[in-house]
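In: Quick one: sequence plus predicted model below, questions after.
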Amino acid sequence: MFSIQKIISKTACIFYMLFFSISIFAQEPADFVNPFIGTSNYGATFPGPIAPRGMASISPFNVAGVKNTPMEKDSQWLSNPYVNENTFLTGFSQVNLSGVGCPELGVILVMPTTGNVEIDHLKYGSTYSNEVAKAAYYSVDIDKYKVKGEFTASKRVGVSRFTFPKGQSNILINLGLGLTNEEGAMIKVVSSTEIEGMRSVGSFCYNSPEDAYPVYFVAKFSKPAAKFGIWKKTSKYKGTEAQWMGYNGKARMMENTIKTVVGDSIGSYFTYKFEKQETVEVKIGISYVSIENARENLEKETGSKSFDNVYKKTYNEWNEELSKILVEGGSKDENTIFYTALYHTLIHPNILNDFNGEYPEIKRRKIGKTDGTRYTVFSLWDTYRNMHPLTSLVYPKQQSDMIKSMLDMYDENSWLPKWELNSTETFTMVGDPASIVIVDACLKGIQDFDFNKAYYAMLKGADNAENNPLRPGLKEYIDKGYVSTNYPGPVSTTLEYNTSDYAISLLAKALGEKDDYKRFTKRSLSYRKLYDKDLKLLRPRTADGKWYEPFDPVAGANFQTNVGFIEGNAWQYAFMVPHDIKGLIKLMGGEKPFSDQLQKVFDIKQFDMANEPDIAYPYLFNYIKGEEWKSQQMVKKLVKEYFKNEPKGLPGNDDTGTMSAWLVYSMIGIYPISPGDPIYTITAPMFHRVTIKLDPRYYKKESIVIERQINNDGKINSIEINGKPLNSFFISHEDFVNGTKLKVIQN
């Protein structure tokens, strides 16, 4: 017999569960975003506000000064303006990158202070407290000055709101401090409510210093300053002339000047004298074209709008984008890590063109103009694997515009992009990844671009062996079937060329180019010449065809440099032939040797969740009949281990959304197993129900539902599409988007 107490407890428990479910259901997708995720463990994200694919963003800048050691920007290789563990704040940068491996941007620092004007960031910097971060909003208390800072952003404008105490208050704009040590800036006070200027940037990976370029800005203040000025700190000179320089090595303070000042360590200050607590809003428009465009961006996007109005509009934009995937049945933490991951995939690539459509062309030979959207920040070595396929599925119009941007870059620079940043081609990493992205989109039905031009652009990159910046070592690759140790990372490079060649073969087949189809299919399989049957691993060869010695299969782990591989080792690249897994199974001697070797990658702890070459490996067990459960088990384990609702909640650098895209796919239960191939492999969804809204401009159905029927969280027993058995752990993109429900049944 149940006691009254037990009945009451049980009823209370049911009521609590019902209340919890209703409260979660009532929240909008944007409410689950936690921008602090990835701000530790080298995730390289930032917690400040940005609009979906926005040009402007605001980040607290806490990586300068000895107080932030060891995570100080000049004490180690650091690519982010904010680290969660740091405690010393020196301002709020207005243009930033999320999840990249090289330092860049993180400039135009705004800092509120009180009392006398101090221009040395090591002296005016402060500890901070009470941070709040959510989609389109960040706030913090600046301890030293008892000032509250709040921040939001539109596409091209950052908006700050500072609440000052009674007394003298200042707003500094520091153009000398930035994430990199690139120098050069200009500033002019237009009036007591407006500043204009520029800051030189362009030191990504420090590999093309001659390609430095300006980012222009206009700042408008909601209240006129009682006093304003500009500072310029000069270098220390020696010699006879120095004795005449009264300002030698010192800062010049130019009060109430409206003249243009140029230099390296320069900035401006606006000073107020408040009789009571007051707020000042600062709007900063950004442009990569001109000051005039920065001013127009500011006026057109924010004009006389209040801080709250700008925040509400950008929040709604985030909610609209995030609502393209609706999940049900998850815990609060599961919802948070999912929607934050989706949020991170919607930061880059981002818009480059101004409100009027203007943007700098590659090499900045002239200013281009678009009626659509010019995108930038193409970290393609990372994103071709899953982030771009996710964009094709959920945001196909954005993907179409991204491909059009790539083709415009081809027109401007004669090559498809490799790692493009703000119309600068950095040529970072290896391979020819743009081809894969374009083919993947095209074969998924995104064809509202000139795919014939795209095809010939791919052929140029794949066949032109002379002075080819996309494919170093191409002649050797074509002649021998592999890139030798004459070039950096020869095995990695060969595998990337293979993957791109396979994608090109798919488009050639679709276009009826039979000879190209056969040629590139053959080229895509040349990795087999690097297969060591004794080790069951791929290893580098010298130019004369001999195995490179000495060879250590583990060398290269944890991003250490080694002869054969780029950002990885032989184990982490052992299965990176996603287009020919069945061929690799045969090469390894059958399903059991393949499965044993794959399992060994995990058993000897050579799987690296923080890097791209092996992130599809957990799904490869789906190729072995009867072992699909291993993929389900492994994916679930990795999600639980590496993705959390906390600052260190990413496995490492987010790589402009790649790690986050892996999580999005893994939680909804599908994965694009072979980039370029319009096919997904299936695992157990981590939500009871997932609804993906489909864009009617590209897809016939309004939505596709992924549903999990579960009894005891066991293995997948069967899979249905539209109520009919699928009898496979793979589904084509066409069948998936033209279905209405993919049902995964576990028992």
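Out: Looks like it arrived, so ask away. Numbers count the residues shown, from 1 in each chain.
In: Low-confidence ranges, the protein, go.
Out: For the chain, the stretches flagged by pLDDT under 70 are 1-26, 711-713.
In: do that again at 50, thanks
Out: Low-confidence segments of the chain (pLDDT under 50): 1-25.
In: Enumerate every residue touching Arg697.
Out: By C-beta atoms under 8 Å, 6 or more residues apart in numbering, the residues touching Arg697 are Pro396, Lys397. For glycine as for every other residue, the C-beta is placed from the backbone atoms N, C-alpha and C.
In: shift numbering so it begins at 122
Out: With 122 as the first residue, the last one maps to Arg818.
In: For Met523, see how far away it is.
Out: Separation of Arg818 from Met523 (C-beta to C-beta, to the nearest Å) stands at 15 Å.
In: can you check Met530 too?
Out: On the measure of C-beta to C-beta, Met530 and Met523 end up 11 Å apart.
In: what do you get for Ile745?
Out: From Ile745 to Met523 the distance is 35 Å (C-beta to C-beta).
In: the more surrounded of the two?
Out: Set Ile745 next to Met523 and count neighbours by other C-beta atoms under 10 Å: Met523 wins out with 27 against 19.
In: Need the phi and psi values for the closest residue to Leu708 other than its chain neighbours.
Out: Spatial nearest neighbour of Leu708, excluding adjacent residues (C-beta to C-beta, 6 or more residues apart in numbering): Tyr652 at 5.8 Å. The phi/psi pair for Tyr652 (degrees, to the nearest 10) reads phi -90, psi 120.
In: Can you give me every residue that contacts Ala805?
Out: Gln753, Val756, Lys757, Gly790, Arg829, Ile837, Val865, Gln867.
In: Can I get the buried part of those residues as one PyMOL selection?
Out: A single PyMOL command is used to select the members of the contacts of Ala805 judged buried by 16 or more other C-beta atoms under 10 Å:
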select buried, resi 753+756+757+790+829+837+865+867
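In: Turn the contacts of Ala805 into TSV, including distance to Lys421 and secondary structure.
Out: Output for the contacts of Ala805, formatted as TSV (distance: C-beta to C-beta, whole Å; DSSP: H, G, I helix; E, B strand; the rest coil):
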residue	distance to Lys421	secondary structure
Gln753	50	helix
Val756	45	helix
Lys757	47	helix
Gly790	42	coil
Arg829	46	strand
Ile837	51	strand
Val865	47	strand
Gln867	52	strand
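In: just the contacts of Ala805 now: which is nearest Asp454?
Out: Lys757 (14.5 Å; C-beta to C-beta).
In: separation between that closest one and Pro233?
Out: The value you get for Lys757 to Pro233, if C-beta to C-beta is used, is 46 Å.
In: cool, and Asn543?
Out: Taken as C-beta to C-beta, the span from Asn543 to Pro233 is 28 Å.
In: What of Val560?
Out: Counting by C-beta to C-beta, the gap from Val560 to Pro233 is 50 Å.
In: More neighbours: which of these two?
Out: More crowded of Val560 and Pro233, by other C-beta under 10 Å: Val560, with 28 against 24.
In: which residues in the stretch 622-771 of the chain form strands?
Out: Assigned by DSSP state E, counting those that start in this stretch, the strands in the stretch 622-771 of the chain fall at 652-653, 658-659.
In: quick one: which of the ones you listed is nearest Glu193?
Out: strand 658-659 (38.8 Å).
In: deepest of the strands of the stretch 622-771 of the chain, which one?
Out: For the strands of the stretch 622-771 of the chain, the largest average neighbour count (mean count of other C-beta atoms under 10 Å) is found in strand 658-659, namely a mean of 24.
In: In its sheet, which strands sit next to that one, and in what direction?
Out: Paired neighbours of strand 658-659 in the sheet (DSSP bridges): strand 652-653 (antiparallel).
In: which other residues reach the partner strand?
Out: Contacts for strand 652-653 (C-beta under 8 Å, 6+ apart): Leu658, Leu659, Arg660, Trp668, Leu708.
In: Give me the distance from that strand to the chain's centre.
Out: 34 Å (C-alpha atoms, centre = their mean, to the nearest Å).
In: got the residue ranges for the strands in the stretch 172-321 of the chain?
Out: So, for the stretch 172-321 of the chain - with DSSP E, counting those that start in this stretch - the strands run 180-181, 213-214, 230-235, 249-255, 258-263, 268-274, 278-285, 288-295, 306-312, 315-322.
In: Can you say which of the ones you listed is packed in most?
Out: Ranked by mean neighbours (mean count of other C-beta under 10 Å), the strands of the stretch 172-321 of the chain are led by strand 180-181, with a mean of 29.
In: tell me what that strand is packed against?
Out: Judged by 3 or more C-beta pairs under 8 Å, 6 or more residues apart in numbering; DSSP states H and E, the packing partners of strand 180-181 are strand 213-214.
In: Now do the strand it packs on: everything it contacts.
Out: 169, 179-182, 202, 226-232, 270, 272, 281, 299-300.
In: And for stretch 573-591?
Out: Against stretch 573-591 from outside (C-beta under 8 Å, 6+ apart): 524, 527-528, 531, 535-537, 539, 546, 548, 553, 555-556, 559-560, 563, 592, 595-596, 599, 621-622, 625, 628-629, 632, 634, 637, 641.
In: switch to 7 Å and redo it
Out: By C-beta atoms under 7 Å, 6 or more residues apart in numbering, the residues outside stretch 573-591 that reach it are 528, 531, 536-537, 539, 548, 553, 556, 559, 592, 595-596, 599, 621-622, 625, 628, 632.
In: Now do the helices in the stretch 672-821 of the chain.
Out: In the stretch 672-821 of the chain, the helices defined using DSSP state H, counting those that start in this stretch lie at 702-708, 712-724, 749-763, 779-789.
In: which strands and helices sit next to the second one?
Out: Looking back up the chat, that one is helix 712-724. Where contact means 3 or more C-beta pairs under 7 Å, 6 or more residues apart in numbering; DSSP states H and E, helix 712-724 is packed against helix 702-708.
In: buried set for the helix it packs on?
Out: Residues of helix 702-708 classed as buried by neighbour count (16+ other C-beta under 10 Å): Ile702, Leu705, Ile706, Leu708.
In: by contact count, what packs against that helix?
Out: Looks like helix 702-708 contacts helix 712-724 (3+ C-beta pairs under 7 Å, 6+ apart).
In: and the helix it packs on with helix 749-763, angle?
Out: Counting by axes from the mean of the first three to the mean of the last three C-alpha atoms, to 10 degrees, helix 712-724 lies at 10 degrees to helix 749-763.
In: Give me the buried positions along helix 712-724.
Out: Using 16+ other C-beta under 10 Å as the test for burial, helix 712-724 gives Phe715, Ser716, Gln718, Leu719, Val722, Phe723.
In: next one: phi and psi at the residue nearest the centre of the chain?
Out: In the chain, the residue lying closest to the centroid (C-alpha atoms, centre = their mean) is Thr777, at 1.3 Å. For Thr777, the backbone dihedrals (degrees, to the nearest 10) come out as phi 50, psi 40.
In: Quick check: it touching Val498?
Out: Yes. Contact criterion C-beta atoms under 7 Å: Thr777 and Val498 qualify, at 6.4 Å.
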